[in-house]
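**Q** missing the sequence, but the structure's below:
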């Protein structure tokens, strides 16, 4: 099969709300649109690390190998994916490239189905033209190989989008979005009496660092403290009048005294 580290552009139409979700996710993670979409697609395609090849199913499949930075290393097909990878001739090369290289795959019910999906190129004439020679046979074969690789990449990308469907794509974006609106959480009696500092409050909503909180708040164009007020229903106030130190208090808590 064909190796390739090249990339190609794929254009497709989708609802405006999907584009809005892509833009929000790109802003929150400081990625570009392409990286967000590729992460989503790769996360939706079955894949295992190359060093965990024993986990692959014993089914007919189209497969591809990619690096953590999304560089495509190899595309292939197999009548039995697990058996193919028990003795893959590029295995050592892949693990030397990165121990985190992964194998993505699409399985089929039978070898016949696999062969129906893959459109093989017809052998072209090897005869050397004698008139109006602009390129050599070698250059034509090289170009044909590049076109073959690009077509395979397009087929895989299109198949993955068709497989997950736009509804699943939108659902996955919803799952990736940070929480919004009033959330359920359980403050302690001490929290109600003394208030709770931001670093402790944010953990109730799954934020383990200030960076995580700030990224989620920026997703909704909000300030971190205002965002926590929205999630908790509590109010951010100074611990005492004139102090720059703050805590979050239940709405019924009276204003701090001097």
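**A** Structure's in. What do you need? Please read these numbers as outputs of a predicted model, since none were measured by experiment.
**Q** Which residue ranges of the protein form helices?
**A** With DSSP state H applied, the chain shows helices at 16-29, 33-44, 81-86, 91-97, 111-117, 137-176, 189-194, 198-201, 210-219, 224-232, listed in chain order.
**Q** Just give me the neighbour total for residue 84.
**A** 18 (other CB atoms under 10 Å). Placement of C-beta: from N, CA and C, glycine included.
**Q** For the closest residue to it other than its chain neighbours, give the beta-bridge partners.
**A** Residue nearest to residue 84 in three dimensions, not counting chain neighbours: residue 78, with 3.6 Å by CB to CB, 6 or more residues apart in numbering. Beta-bridge partners for residue 78, by DSSP bridges, are residue 61.
**Q** just checking, residue 78 touches residue 61?
**A** Yes. Shown here, residue 78 and residue 61 form a contact pair, counting by CB atoms under 8 Å, at 5.6 Å.
**Q** Just the pLDDT at the residue nearest to residue 23 when sequence neighbours are not counted, thanks.
**A** Distances taken as CB to CB, 6+ apart put residue 33 closest to residue 23, at 7.1 Å, once the chain neighbours are dropped. In the predicted model, residue 33 carries a pLDDT score of 70.
**Q** Residue 33 and residue 22: what is the separation?
**A** 5 Å (CB to CB, to the nearest Å).
**Q** Likewise for residue 99?
**A** When residue 99 is compared with residue 22 (using CB to CB), they lie 30 Å apart.
**Q** Looking only at neighbour counts, state which of the two leads.
**A** Looking at residue 99 and residue 22 with other CB under 10 Å, you find the greater number of neighbours at residue 22, namely 20 against 11.
**Q** was I right about the more buried one contacting residue 31?
**A** No. At 9.8 Å, residue 22 and residue 31 do not qualify as touching, with contact defined as CB under 8 Å.
**Q** low-scoring stretches of the stretch 1-150 of the chain, by residue?
**A** 1-19, 21, 35-44, 113-141, 143-144, 147 (pLDDT under 70).
**Q** repeat that with 50
**A** Per-residue confidence of the stretch 1-150 of the chain (counting by pLDDT under 50) places the weak regions at 1-5, 119-133.
**Q** Same check on the stretch 151-258 of the chain?
**A** Low-confidence segments of the stretch 151-258 of the chain, defined by pLDDT under 50: 256-258.
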